[in-house]
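K.L.:
No sequence on hand, only this structure:
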């Protein structure tokens with residue numbers, strides 16, 4: 001049941017201009033400590049080391065996702081579309097607002113290290129002993145579970161899930177526009193207002209009117225360009241590699257019994273795989289950077305060097321490799337070791353397709369979880385968008401087949417005479 005505020009609350013926003021809050025439950029959720037923590041989690045992790053303006057937070061993104069969802073639902077209700085279940089409005093708005101509340105420091109990069117899942121943490125926070133849980137329970141006893149089910153993509157009706165998680169959802173639409181704005185690029189621009197006008201609820205799905213297909217093409221092209229120009233940027237990948245290596249080295253030292261001069265309680269719990277919801281909620285970007293600043297002074301030279309590089313942006317250099325195989329990597333590691341370097345830390349192969357971001361891929365095995373975009377034609381037929389769009393068909397599932405080798409240029413230069421001539425040529429030494 002929606003409980004209206006006595007007076008509408010308005011957040012000024014650089015992307016949507018204004019974010020409107022009319023419901024008391026939404027207002028209370030925004031003011032919980034767990035949601036306010038998102039101000040201290042960067043939306044784009046280490047990308048600020050590549051695009052200096054990318055300092056925006058998960059807090060602002062979450063408000064933006066809520067606002068887009070609110071606009072979609074308002075459009076459905078204004079036009080009285082019968083396929084939209086009006087009783088699902090509040091659960092949709094709450095799930096949109098809370099969908100990222102489980103993100104940890106530096107977002108996806110830290111998930112790769114500790115094999116955590118922000119969606120699982122989101123559900124644990126929603127269902128645990130938290131202020132968010134208590135606010136949701138004011139709606140009904142089972143309301144927290146409903147919101148968690150939307151996040152876990154098990155909620156019925158599935159049209160609610162598709163608002164938050166689908167190939168064209170409020171989450172993606174906001175982060176493309178917001179990330180483009182704060183990184184200062186134009187790749188992520190598309191006509192959001194037009195897309196919102198042509199969305200329709202139909203047969204338990206959200207579909208697009210054929211007349212609006214060109215706006216969706218622009219959205220998917222923006223998405224494609226943002227992946228390759230921003231999210232897959234090789235310099236950002238270098239900072240992600242350093243971040244992962246720092247935590248990997250610290251974990252190795254911890255398990256070996258090394259006595260740290262400084263160790264956050266949250267990191268101890270992460271290394272022990274015993275992190276609690278309470279401790280997780282006190283873990284943010286500033287805590288991690290505090291640890292790194294202290295680890296610069298650790299006795300372990302490798303950990304100290306990695307932290308110093310990250311904090312002072314002395315990132316690894318990279319070379320592009322068109323054709324790559326395991327024998328080349330093994331030979332490089334052998335030469336690195338013989339030259340006195342750490343092959344596990346001073347050389348890393350990376351390819352942009354190993355990120356948690358996904359391109360638009362109709363017909364893939366995860367189609368049930370991320371169903372394709374459907375177009376509602378003038379003949380009242382539903383067709384998958386790539387079958388009627390040459391533009392979408394040309395980019396669907398496409399990826400660049402390049403590999404990148406990352407290395408600390410200063411250290412490798414120092415041992416260059418010990419490396420073979422072909423390796424020196426490959427790394428331009």
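P.N.:
Yep, that arrived. Source: prediction; values computed, not measured.
K.L.:
And for residue 293, nearest residue in space, chain neighbours not counted?
P.N.:
Sequence neighbours aside, residue 311 is the residue nearest to residue 293 in space, at 6.4 Å (criterion: CB to CB, 6 or more residues apart in numbering). From N, CA and C alone the C-beta is placed, and that goes for glycine too.
K.L.:
isn't the one you found right up against residue 292?
P.N.:
Yes: counting by CB atoms under 8 Å, residue 311 does reach residue 292; the two are 5.7 Å apart.
K.L.:
Look at the two and report which has more neighbours.
P.N.:
Counted by other CB atoms under 10 Å, residue 311 and residue 292 do not tie: residue 292 has more neighbours, with 21 against 14.
K.L.:
Test my guess that the more buried one contacts residue 307.
P.N.:
Yes: at 4.4 Å, residue 292 counts as touching residue 307 under the criterion of CB under 8 Å.
K.L.:
which residues touch residue 11?
P.N.:
With contact taken as CB atoms under 8 Å, 6 or more residues apart in numbering, residue 11 is in contact with 18-19, 21, 63.
K.L.:
now stretch 330-337: mean pLDDT?
P.N.:
Mean pLDDT, stretch 330-337: 94.
K.L.:
what about the strands in the stretch 201-350 of the chain?
P.N.:
Using DSSP state E, counting those that start in this stretch, the strands of the stretch 201-350 of the chain run over residues 205-209, 317-321, 348-350.
K.L.:
May I see those organised as a markdown table, with distance to residue 70, mean pLDDT and mean neighbour count added?
P.N.:
Formatted as a markdown table, those follow (distance: least, CB to CB, whole Å; pLDDT from 0 to 100; neighbours: other CB atoms under 10 Å):
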| stretch | distance to residue 70 | mean pLDDT | mean neighbour count |
| --- | --- | --- | --- |
| strand 205-209 | 15 | 93 | 20 |
| strand 317-321 | 42 | 91 | 15 |
| strand 348-350 | 39 | 90 | 19 |
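K.L.:
To residue 242, which of those lies closest?
P.N.:
For residue 242, the closest of those is strand 348-350, at 9.5 Å, according to CB to CB.
K.L.:
who does the closest one pair up with?
P.N.:
With DSSP bridges as the test, strand 348-350 is paired with strand 403-407 (antiparallel).
K.L.:
between the strand it pairs with and strand 317-321, how many degrees?
P.N.:
Relative orientation of strand 403-407 and strand 317-321, computed by axes from the mean of the first three to the mean of the last three CA atoms, to 10 degrees: 150 degrees.
K.L.:
roughly how far out does strand 403-407 sit from the chain middle?
P.N.:
Chain-centre distance of strand 403-407: 23 Å, with CA atoms, centre = their mean, to the nearest Å.
K.L.:
ok, and residue 11, which helix or strand is that part of?
P.N.:
Following DSSP states H and E, one finds residue 11 within strand 4-13.
K.L.:
What's the first helix or strand after that strand?
P.N.:
That would be, after strand 4-13 and using DSSP H and E, strand 17-23.
K.L.:
List the buried residues for that next one?
P.N.:
By neighbour count on 16 or more other CB atoms under 10 Å, the buried set for strand 17-23 is 19, 21, 23.
K.L.:
Pull up the gap between residue 152 and residue 119, please.
P.N.:
Taking CB to CB, to the nearest Å as the measure, residue 152 falls 7 Å from residue 119.
K.L.:
Quote the end-to-end distance of stretch 154-172.
P.N.:
20 Å (CA to CA, to the nearest Å).
K.L.:
do the same with stretch 414-429
P.N.:
End-to-end span of stretch 414-429 (CA to CA): 10 Å.
K.L.:
How about residues contacting it?
P.N.:
In this structure, residues lying in contact with stretch 414-429 by CB under 8 Å, 6+ apart are 319, 332, 335, 338-341, 405, 407, 412-413.
K.L.:
Just checking the distance from it to the centre of its chain.
P.N.:
What separates the centre of stretch 414-429 from the centre of its chain is 37 Å, taken as CA atoms, centre = their mean.
K.L.:
Was I right to think residue 216 contacts residue 374?
P.N.:
No: taking CB under 8 Å as the definition, residue 216 is not a contact partner of residue 374, at 10.5 Å.
K.L.:
Need the residues touching each of those two.
P.N.:
Overlap of the contact sets of residue 216 and residue 374 (by CB under 8 Å, 6+ apart) consists of 208, 385.
K.L.:
higher neighbour count, those two?
P.N.:
Counted by other CB under 10 Å, residue 216 and residue 374 do not tie: residue 216 has more neighbours, with 25 against 20.
K.L.:
and the more buried one, what pLDDT?
P.N.:
For residue 216, the model assigns a pLDDT of 92.
K.L.:
any low-confidence regions in this structure?
P.N.:
Applying pLDDT under 70 to the chain flags residues 1, 352-370, 397-401.
K.L.:
residue nearest the centroid of it?
P.N.:
The structure's the chain has its C-alpha centroid closest to residue 108; by CA atoms, centre = their mean the separation is 5.6 Å.
K.L.:
Quickly list what's touching both of residue 292 and residue 307.
P.N.:
Contact criterion CB under 8 Å, 6+ apart; residues shared by residue 292 and residue 307: residue 246.
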